[in-house]
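# Predicted model and sequence follow; I will ask about them next.
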Amino acid sequence: MARRVTARRMVVSTVAAWFFGGLIFFPILWMVLTSFKTELEAFTVPPSFLFFDWTTENYATVQERSDYFLHALNSIVIAGGSTLIAALIAVPAAWSMAFAPTKRTKDILLWMLSTKMMPAVGVLVPIYLLFKNLGLLDTRSGLIAILCLGNLPIVVWMLFTYFKEIPRDILEAARMDGATIRRELTYVLLPMAIPGIASTLLLNLILAWNEAFWTLNLSTSKAAPLTVFIASYSSPEGLFWAKLSAASTMAIAPILVLGWFCQRQLVRGLTFGAVK
Amino acid sequence: MATQQTQVLARGLLTPAVALLLVWMIVPLAMTIYFSLLHYNLLDPGSEAFVGLENFRYFLTDPAFLASLQNTLVLVGSVLAITIVLGVPLALLLDQPVLGRSIVRLMVIAPFFVMPTVSALVWKNLLLHPVSGLLAWLSTLVGITPIDWFNDAPMTAIIMIVAWQWLPFATLILLTALQSQDEEQKEAAEMDGASALSTFLYLTLPHLARPITVVILIETIFLLTVFAEIFVTTGGGPGLQTTNIAFLIYSQALIQYDVGSASAGGLVAVVIANIIAFFLVRVVGRNLEA
């Protein structure tokens, strides 16, 4: 039975929720608005909120002057590549721990969690030197490897919690009916596992896209993803607000859309299944 | 036997992930330990020599270490406090009947998906700039002299940026937890004449204890190593005012090229993170049993 909702309560909570929601969202909205202003207007006090000459020239200039698409492509290749490789390694591991657990499975899972707790900065020096000596600095493959390893524990954990939910009875029924392991995998497990795998990949893609420790330290120009590209706007302070906003809007737009689709999985992935 | 076959297969499937993570954990850590015992500066090649614990003495007695440790604790503590104190009421609000709730939820969660370099630069320039920033304009409207955030209150500015990024995370987790709360229990309490406050204190808050602990655990792990936000705004300054442990180690390694000292610092960071992780895991563990 639903609780009685008074109209007044509804109005109050709606107004409050929209107010605070708007306040939190405002910096992003303001950035998007600024990206359509001229540099002069972007800097003017008092600021204009809607009544300015809307222009899209910033978006064109960002591409012309700084090769935006190269960095966007780097982001796609690095985030996508590291996610795919992590999935190839993690799916079998999670499958194995979920369906053929041993005494040590719990320890292995907790140990994987603990590798995620190690601060990246603790191994910055050796990784930097290894990259330098192996010629991996400022290469996409180097960043793919690092981001893949960094996110592997989360991917394994998330997949494990999804696989764990697939009912065992179905597998046993299939086995009773004489299904081989291969048939069991393709016809029973896979269809049930696909939603979990998809949301894991989506979350990992977001994490890898936004990663800004290794990318800032290990890439400078030709392999630099969008995180590093945006950071390059920090030097000439205050001169290119509209262009900074345009570049930023393009950098976060795809991930914002993806992120909105997988809010629930975000909770699950980042809490290692502790909150669902 | 089929089960034995499955066991072998299972082990084979697990091995690559375990092996990779083992290498990823051990090799760099072993190298860090090794480097931390050497005098090793990239600007001074060929002078590598074993110096024992000298780097640790240097790193731990460096006034910059204490300053950055303090900054790290202030940053982590403040952001945790802000995200929990604001996150709980915000989650409660979003759990109410709200028209267009899914849109509001999208707006609240959005900052979490913004890459750190973008949020830092947007805040630094568009919002906090002492002359043309939006906050400066708002404060002149109400007759307050605008604050030059990154010179006069740099740590506060960093805390604002990082808290803005993590408030959505705390809110979303707490909201998810609230939505799994037993509605009938609340109804029963209401029928028995419990006030909204006591329902909150005796039913909702205990229900939130575990998700709050989880939020603290996970945020702490990430907040201990805030880097990009400092890197693109203050560069650790002015002076050492916004240098946290992560940034201190970075600057020793890649600005001063002092590999030995930076490695010692890296190990100190690992130890600090482990101490905190140890306590937090215990707290979460106790919570799990309750």
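Structure's in. What do you need?

# Does stretch A:123-139 reach chain B?
Yes: looking at stretch A:123-139 against chain B by Cβ under 8 Å from any Cβ of the partner chain, the contacts come from A:123-130. Where you see a C-beta, it was placed from the backbone N, CA and C, and this is true even at glycine.

# which residues touch residue A:38?
A:52-53, A:55, A:57, A:242 (Cβ atoms under 8 Å, 6 or more residues apart in numbering or on different chains).

# Please apply the same query to residue A:210.
By Cβ under 8 Å, 6+ apart, residue A:210 lies in contact with A:227, A:255, B:113-116.

# Just among those residues, which is most surrounded?
Within the contacts of residue A:210, neighbour counts (other Cβ atoms under 10 Å in any protein chain shown) peak at residue A:227, which reaches 27 neighbours.

# How much space separates it from residue A:197?
26 Å (Cβ to Cβ, to the nearest Å).

# Closest to residue B:278 out of the residues of stretch A:123-139 next to chain B?
residue A:123 (19.4 Å; Cβ to Cβ).

# That closest one: what secondary structure?
helix (DSSP: H, G, I helix; E, B strand; the rest coil).

# Pretty sure it sits against residue B:35.
No: Residue A:123 is beyond contact range of residue B:35, at 10.5 Å (criterion: Cβ atoms under 8 Å).

# Counting by contacts, list what whichever strand or helix holds residue B:91 packs against.
Here residue B:91 sits within helix B:63-94, counting by DSSP states H and E. When contacts are defined as 3 or more Cβ pairs under 8 Å, 6 or more residues apart in numbering or on different chains; DSSP states H and E, helix B:63-94 sits against helix A:7-34, helix B:101-109, helix B:154-179, helix B:205-223, helix B:245-254, helix B:259-289.

# Would you mind telling me which of those is nearest residue B:140?
Here helix A:7-34 is closest among the helices and strands packed on helix B:63-94 (Cβ to Cβ), at 17.4 Å.

# for chain B, which spans come out with low pLDDT?
Counting by pLDDT under 70, chain B has low-confidence residues at B:1-3, B:280-290.

# Just give me the residue right at the centre of it.
Centroid-nearest residue in chain B: residue B:223, 1.8 Å away (criterion: Cα atoms, centre = their mean).

# contacting residues for that one?
Per Cβ under 8 Å, 6+ apart, neighbours of residue B:223: B:75-76, B:79-80, B:162, B:166.

# of all the residues you listed, which comes closest to chain A?
Nearest to chain A out of the contacts of residue B:223 is residue B:166 (Cβ to the nearest Cβ; 11.0 Å).

# Which residue, neighbours along the chain excluded, lies closest to that closest one?
Leaving aside its sequence neighbours, residue B:166 sits nearest to residue B:83 (Cβ to Cβ, 6 or more residues apart in numbering or on different chains; 4.9 Å).

# surely that neighbour meets residue B:172?
No: counting by Cβ under 8 Å, residue B:83 does not reach residue B:172; the two are 10.9 Å apart.

# Number of residues surrounding residue A:185?
The burial count for residue A:185: 14, using other Cβ under 10 Å.

# Please disregard the earlier target; I meant residue A:51.
Around residue A:51 there are 6 residues (other Cβ under 10 Å).

# Surely it is within a helix?
No: assessed with three-state DSSP, residue A:51 is coil; it does not lie in a helix.

# Residue A:197 versus that one, what's the distance?
Per Cβ to Cβ, residue A:51 is found 48 Å from residue A:197.

# Check residue B:10 too.
18 Å.

# try residue A:217
Distance from residue A:217 to residue A:197, counting by Cβ to Cβ: 31 Å.

# now residue B:155
Distance of residue B:155 to residue A:197, given as Cβ to Cβ: 42 Å.

# List the buried residues of the longest helix belonging to chain A.
Identified as the longest helix of chain A according to DSSP state H is helix A:68-99. Going by neighbour count (16 or more other Cβ atoms under 10 Å in any protein chain shown), the buried part of helix A:68-99 is A:68, A:70-72, A:74-75, A:77-83, A:85-87, A:89-99.
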